[in-house]
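Q: how would this look folded up:
(one chain, ligands or ions: 2)
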Amino acid sequence: MSIHAATSAPLKLRADLPSPAEWHKRKVALISGVTGQDGSYLSELLLEKGYQVHGIIRRSSSFNTGRVDHLYNDEHDRKNNFHIIHGDLSDSTNLVYILAQVQPSEIYNLGAQSHVKVSFDMAEYTGDVDALGTLRILDAVRTVGLEKHVRFYQASTSELYGLVQAVPQDENTPFYPRSPYGVAKLYAFWITKNYREAYDMFACNGILFNHESPRRGRTFVTRKITRAVADISLGKQNCLYLGNMDAQRDWGHARDYVEGMWRMLQQDKPDDFVLATGETHYVREFVEKAFAIVNVKIVWEGKGVDEVGKDAASGKVVVKVDPKYFRPAEVELLLGNPAKADRELGWKRTVDFDTLVRDMVESDLKASQNLVEDKN
Ligand code: NDP
Ligand code: GDR
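A: Ligands and ions are numbered 1, 2, ... in the order given. The predicted structure is shown next:
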């Protein structure tokens, strides 16, 4: 009796493929997480570059396509290069079906339960989607026989560094994740590297430090702050409640970072790269900068859970600590070194911290006044 090794001989749906170099010229991209912040900016970038873009969206009882609606006109319009397809990283069969149908030349795996605090409440789900979801999509590539043809980008994260081992953090800094999210992304990082080595796949990890924008989800700290600053300045909210204001983050603009993702997949060889600004700022500093844009100077009083931020002019408390936003384990300091990306990809951030904060506050002022529709 002989036992067949299923993993080394996956089902091949394609037998007539051109060379990998020819295949890459097709410019067909598949994006998981297309409805998220990065998915929307990346779609715009790829469409500008002449790609056909296919985005995986989750079925939802409410609309979840606000960030990409402007790209999606009429599916019957033949000139339209943006397509959406229902799917989920928890569904292997669905992923194989999508791969067989789209036959992409590049895949960007951005789909994830991406909120660190929520990952403590939904640890198993986060592991299923963020860790095993990456495995599922990589295996779907092999199942349809595209493993030598597809270029794969994995959305890895500075959360892998977790408990500080050394700063600034680069591609050689040891990992020590501090949340179920970070641990799930650690698996995804290594399975991506493993499939690159085991099956000669063009698979890259982008280790991206925090990147924000007016399209950032409202429960991440930067957007929560900028929306509150807008609402407080317009008299629609009294106080902003935050958790750990002593955390330090290396914050860039998402539009810069999706450019780096694309550049990773245009190299001759697959590799892993850090994208970061090389600067770090306290959460408290972000609060001060954001309020300064609406001409409010913050003065701080108290310490720890008793810390408050007052409007210097009126004495009114506008920022308070609420321990419910603390995490069971925290990542205190992130500061990235993007030298390798600069050297090998020619990538540099273009938006500095002050411009990022201003862009977000100004956008939220318009949204809060209903001058523009708030879609995220
Ligand atoms: P968002 O939270 O804005 O977007 C996440 C996307 O993943 C959404 O489109 C969401 O769909 C989708 N998604 C969630 N669960 C599933 C699932 N089970 N199956 C398929 N899709 C799913 O994240 P960002 O755009 O900010 O980040 C993109 C990726 O980069 C994520 O993987 C994140 O972990 C990672 N990352 C982000 C950084 C950042 O600072 N922004 C830094 C480093 C890494 P829906 O809209 O339906 O919820
Ligand atoms: P992070 O982003 O955990 O770094 O993950 P987030 O904006 O959630 O937190 C940044 C820091 O701010 C502190 N903080 C608060 N955070 C939130 N969300 N809400 C608050 O009220 C608050 N108060 C203080 C946090 O404790 C933390 O220290 C993001 C996500 O996009 C991940 O998917 C990505 O991998 C990493 O960035 C890099």
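Q: Do any residues in the helix ranked longest in the chain lie close to ligand 1?
A: In the chain, with assignment by DSSP state H, the single longest helix is helix 180-199. No. Shown here: helix 180-199 not in contact with ligand 1 (Cβ under 6 Å from any ligand atom), separated by at least 6.7 Å. In short, each C-beta sits where N, CA and C put it, glycine included.
Q: What residues sit buried inside that helix?
A: 180-193, 195-196, 199 (16 or more other Cβ atoms under 10 Å).
Q: show me where the stretch 1-150 of the chain has helices.
A: Assigned by DSSP state H, counting those that start in this stretch, the helices in the stretch 1-150 of the chain fall at 20-24, 37-48, 92-102, 116-121, 123-126, 133-143.
Q: contact partners of the longest helix of the chain?
A: 109, 112-116, 119-120, 122-123, 126-127, 129-135, 138, 142, 147, 152, 154, 156-157, 159-160, 162, 175, 177, 201-205, 207, 270, 272, 331 (Cβ atoms under 8 Å, 6 or more residues apart in numbering).
Q: Around ligand 1, pick out the residues from the stretch 151-300 of the chain.
A: Residues of the stretch 151-300 of the chain lying near ligand 1 (Cβ under 6 Å from any ligand atom): 155, 157, 208, 210, 211, 217.
Q: can you do 8 Å?
A: By Cβ under 8 Å from any ligand atom, the residues of the stretch 151-300 of the chain that approach ligand 1 are 155-159, 181, 185, 206-212, 215-217, 220, 254, 257.
Q: Tell me the spacing between residue 140 and ligand 2.
A: According to Cβ to the nearest ligand atom, to the nearest Å, residue 140 stands 23 Å off from ligand 2.
Q: what number of residues lie near that residue?
A: 22 (other Cβ atoms under 10 Å).
Q: Ok, which of the helices of the stretch 1-150 of the chain comes nearest ligand 1?
A: When these are compared by Cβ to the nearest ligand atom, helix 37-48 sits nearest ligand 1, at 3.5 Å.
Q: Which positions within that closest one qualify as buried?
A: Buried positions in helix 37-48, judged by neighbour count with 16+ other Cβ under 10 Å: 37, 38, 39, 40, 41, 42, 43, 44, 45, 46, 47.
Q: Residue numbers of the chain in contact with ligand 2?
A: Proximity of the chain to ligand 2 is confined to 112, 114-117, 155, 157-159, 179, 181-182, 185, 208-212, 219-224, 241-245, 247, 249, 283, 322, 325-327, 330-332, 334 under the rule Cβ under 8 Å from any ligand atom.
Q: Just the ones in helices from these, please.
A: Among the residues of the chain next to ligand 2, DSSP H puts 116, 117, 181, 182, 185, 221, 222, 223, 224, 283 in helices.
Q: all helices of the stretch 201-350 of the chain, in order?
A: With DSSP H, counting those that start in this stretch as the criterion, the stretch 201-350 of the chain has helices spanning 221-233, 254-264, 283-293, 339-345.
Q: now the angle from the longest one to helix 283-293?
A: Angle of helix 221-233 versus helix 283-293, following axes from the mean of the first three to the mean of the last three Cα atoms, to 10 degrees, is 40 degrees.
Q: ditto for the second one
A: Here the directions of helix 254-264 and helix 283-293 differ by 130 degrees (the same axes, to 10 degrees).
Q: Give me the residues contacting helix 254-264.
A: With Cβ under 8 Å, 6+ apart, helix 254-264 has contacts from 37-38, 41-42, 45-46, 49, 108, 153, 155, 204, 206, 208, 211-213, 215-216, 270-271, 273, 275, 341, 345-347, 349-351.
Q: Same question for the last one.
A: Residues from elsewhere that reach helix 339-345, judged by Cβ under 8 Å, 6+ apart: 170, 171, 260, 263, 264, 267, 271, 273, 274, 275, 347, 348.
Q: how about 10 Å then?
A: Helix 339-345 is contacted from outside by 168, 170-172, 206-207, 259-260, 262-264, 266-267, 269, 271-276, 278, 338, 347-349, using Cβ atoms under 10 Å, 6 or more residues apart in numbering.
Q: Could you list the buried residues of that helix?
A: Neighbour-count burial for helix 339-345 [16+ other Cβ under 10 Å]: 340, 341, 345.
Q: separation between the closest residue to ligand 1 within the stretch 251-376 of the chain and residue 178?
A: Distances between the stretch 251-376 of the chain and ligand 1 by Cβ to the nearest ligand atom are smallest at residue 254, namely 6.4 Å. Using Cβ to Cβ, to the nearest Å, we find residue 254 at a distance of 23 Å from residue 178.
Q: Alright, calling it a day.
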